[in-house]
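Peer 1: give me a 3D structure for the following:
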Amino acid sequence: MTWNYRVVHTTEDEEEAFAIYEVFYDEQGEPEARTESPSYPAGANIEALREDVRHYLAALDQPVLEDHLFPRHPAP
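Peer 2: The predicted model follows:
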């Protein structure tokens, strides 16, 4: 199973939000699950944190995914 960071558009109680989640893909490369909560950049040192931030920035260049694509349980 592969994954990457993606922007997901959610709506809860009529409140819309955009956040970055870890998104997991099936064998055909289609999104099939996401983490329950948005992710945040982290690293064991500044260079690792910088690299993680680069991946977050790359998520902003991808199409936004709609939350209804995902089942209502967290990713593995």
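Peer 1: flag the shaky bits of the chain, pLDDT-wise.
Peer 2: The model of the chain has pLDDT under 70 over residues 73-76.
Peer 1: hmm, try it at 50
Peer 2: Within the chain, no stretch falls below the threshold (pLDDT under 50).
Peer 1: now do the strands in it.
Peer 2: 2-12, 15-25, 31-34, 65-66 (DSSP state E).
Peer 1: which strands and helices sit next to the shortest one?
Peer 2: With contacts defined as 3 or more C-beta pairs under 8 Å, 6 or more residues apart in numbering; DSSP states H and E, the packing partners of strand 65-66 are strand 2-12. Every C-beta, even on glycine, is put in place using the N, C-alpha and C of the backbone.
Peer 1: how about residues contacting the strand it packs on?
Peer 2: Residues from elsewhere that reach strand 2-12, judged by C-beta atoms under 8 Å, 6 or more residues apart in numbering: 16-25, 29, 31, 34, 39, 55-56, 58-60, 62, 64-67, 70, 75.
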